[in-house]
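K.L.:
quick one: sequence plus predicted model below, questions after.
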Amino acid sequence: MVEERNLFSTATTHIVRTGLVLLALATAIAWPDESSPAAASAPTATTPNFKVAFIGDQSVGANAAAVLKLIANEGADMVLHQGDLGYGDETDPQRAIDWDAQVTAALGADFPYFASIGNHDVGNWSTYQQLLEDRLALVLGASCTGDYGVKAACTYQGLFFILSGVGTTGTGHTTYITDELTQDTSIWRVCTWHKNQNAMQVGSKPDEVGWDPYEACREGGAIVATGHEHSYSRTKTLTNLQSQSIDQDWPSANTLRVSNGSTFVFVSGIAGRSIRDQDRCLPTTPPYGCNGEWASIDTSDQGATYGALFIEFNVNGEPDLANGYFKNISGATIDTFTVRSQLAKPVGGVAEQPGAADADAEFDDARSSGTNAGPLISIAAAALAVALGGAAWRVRRRAGRNSHEG
């Protein structure tokens, strides 16, 4: 009897040890160390249905307040403001304070509201910047590094965005943009600044940014958001911004993509100040002129009124899918589109099912990528269940024998 007990105990011990080893291996594969390459390259998704409002060229007054009310009514989770905030006396701190009070009245003191410097903000920037940093401090989970609104990299709810003063103030912008985008692993990225290149707007603005920042954002897979020209315009997917070359694999006006090499650009500059006409890429109705790069244009020639562009990220349970639309304060939706991010395969997103020929490769990749650890976890759990079940059976059997013998 003693020999039987020792033999069973030894076997049980070996099974438990085997199960624990397999469980440890499966856990290491499924959850790699944060310092490992697999962990470092894991893509970051936004929270589901994360809606961002994009505006520029606002001012203080009834039109600006109406746009802010629209943003609140649309359920936006965040605002990205592409410069020119309060206008008015551009050196009077009270103007900046009044602008901030206007935002607070519509959205609240702790609403996630981020802005880049515009040319009409320069004289009051120290006050604007302090007000924006004070607001940032109230936003749980938001983080910005660098010179806020001039050369800053920020994250909020999984969205990565660069607040740049390129064309307005500061130096070294292209290098900064390239470095920050190279290090980032987010599925969705945005470059936001105020000014334009002439070919990247449909009004009369001259070249004031240079092409290098635009192309750095395109190569880094970032959407390019601007203001300055007081109208709304959006391009198709482009593979070269300087030549306005349309992505031949994604030529649709309303189905876009962002990848390392393809992106789209928009101007959203009718948040309250004024509305201008269309000077470039005529006619005023599609198909537009120039190189056919423009997908949507809304200026005084089209009867535009004030509004905002909204992009909702991580929709329909797909972290790499976004829906966009421009809506004005009259309730009209002027533009609608979808965007697919091809920067990284989303964690937990919809993926193609591997075929039989791919099964072995997928399993091998799990050792480095942290995927497909489920089978190992199941084996480990089964081994432990067998061992523990056997031990429990042995205890019950011994208890029964003792009861019988007693």
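P.N.:
Sure, I can see it.
K.L.:
okay, now the unreliable bits of the stretch 301-406 of the chain?
P.N.:
For the stretch 301-406 of the chain, residues meeting the criterion pLDDT under 70 lie at 344-406.
K.L.:
and if you look at the chain?
P.N.:
Those would be 1-41, 344-406, if you go by pLDDT under 70 across the chain.
K.L.:
the same query, at a cut-off of 90, please.
P.N.:
Within the chain, the ranges that satisfy pLDDT under 90 run 1-43, 344-406.
K.L.:
so what are the domain limits for this protein?
P.N.:
As given by automatic domain parsing, the domain ranges for the chain are 2-40+358-405, 50-341.
K.L.:
can you give me the end-to-end span of the longest one?
P.N.:
What that stands for is domain 50-341. When the termini of domain 50-341 are compared using CA to CA, to the nearest Å, they are 15 Å apart.
K.L.:
show me where the stretch 101-250 of the chain has helices.
P.N.:
For the stretch 101-250 of the chain, the helices defined by DSSP state H, counting those that start in this stretch occupy 125-137, 173-183, 211-219.
K.L.:
and these: which comes nearest Tyr156?
P.N.:
Tyr156 lies closest, by CB to CB, to one member of the helices of the stretch 101-250 of the chain: helix 125-137, at 9.4 Å. C-betas here are computed from N, CA, C, even on glycine.
K.L.:
picking that back up, any idea which of the domains of the chain is most buried?
P.N.:
domain 50-341 (a mean of 20; mean count of other CB atoms under 10 Å).
K.L.:
now Arg281. Nearest residue, chain neighbours left out?
P.N.:
Wrong residue type there; residue 281 is Cys, not Arg. Excluding the flanking residues, the one nearest Cys281 by CB to CB, 6 or more residues apart in numbering is Cys290, at 4.0 Å.
K.L.:
in contact with the closest residue to Glu180 other than its chain neighbours, which residues?
P.N.:
Spatial nearest neighbour of Glu180, chain neighbours left out: Ala153 (4.5 Å); criterion: CB to CB, 6+ apart. Going by CB atoms under 8 Å, 6 or more residues apart in numbering, Ala153 touches 144-146, 160-163, 180, 184.
K.L.:
format the helices of the stretch 101-250 of the chain as TSV; extra columns: distance to Asp247.
P.N.:
What follows is these, written out as TSV (distance: least, CB to CB, whole Å):
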stretch	distance to Asp247
helix 125-137	35
helix 173-183	19
helix 211-219	10
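K.L.:
is Asp207 in contact with Asn198, as I believe?
P.N.:
Yes: if you go by CB atoms under 8 Å, Asp207 and Asn198 touch, sitting 5.2 Å apart.
K.L.:
and stretch 53-60, how far apart are its ends?
P.N.:
One end of stretch 53-60 sits 18 Å from the other (CA to CA).
K.L.:
run the chain-centre distance for it.
P.N.:
Stretch 53-60 sits 20 Å away from the centroid of its parent chain (CA atoms, centre = their mean, to the nearest Å).
K.L.:
do the same with stretch 217-231
P.N.:
14 Å.
K.L.:
repeat for stretch 228-243
P.N.:
Taking CA atoms, centre = their mean, one finds the center of stretch 228-243 at 19 Å from the center of the full chain.
K.L.:
may I have that stretch as PDB, with CA atoms only?
P.N.:
Provided in PDB are the C-alpha atoms of stretch 228-243 (Å, rounded to 0.1, in the frame of the first residue of the first chain):
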ATOM      1  CA  HIS A 228      -5.800  79.000 -42.000                       C
ATOM      2  CA  GLU A 229      -7.900  79.100 -45.200                       C
ATOM      3  CA  HIS A 230     -11.500  79.900 -44.100                       C
ATOM      4  CA  SER A 231     -13.300  77.000 -45.900                       C
ATOM      5  CA  TYR A 232     -13.600  73.200 -45.800                       C
ATOM      6  CA  SER A 233     -11.700  71.000 -48.200                       C
ATOM      7  CA  ARG A 234     -10.600  67.300 -48.200                       C
ATOM      8  CA  THR A 235      -8.400  65.400 -50.500                       C
ATOM      9  CA  LYS A 236      -8.600  61.800 -51.700                       C
ATOM     10  CA  THR A 237      -5.900  59.400 -50.600                       C
ATOM     11  CA  LEU A 238      -2.500  60.700 -51.900                       C
ATOM     12  CA  THR A 239       0.800  59.000 -52.300                       C
ATOM     13  CA  ASN A 240       2.700  62.200 -52.900                       C
ATOM     14  CA  LEU A 241       1.500  65.500 -51.400                       C
ATOM     15  CA  GLN A 242       3.800  67.800 -53.300                       C
ATOM     16  CA  SER A 243       2.600  66.500 -56.700                       C
END
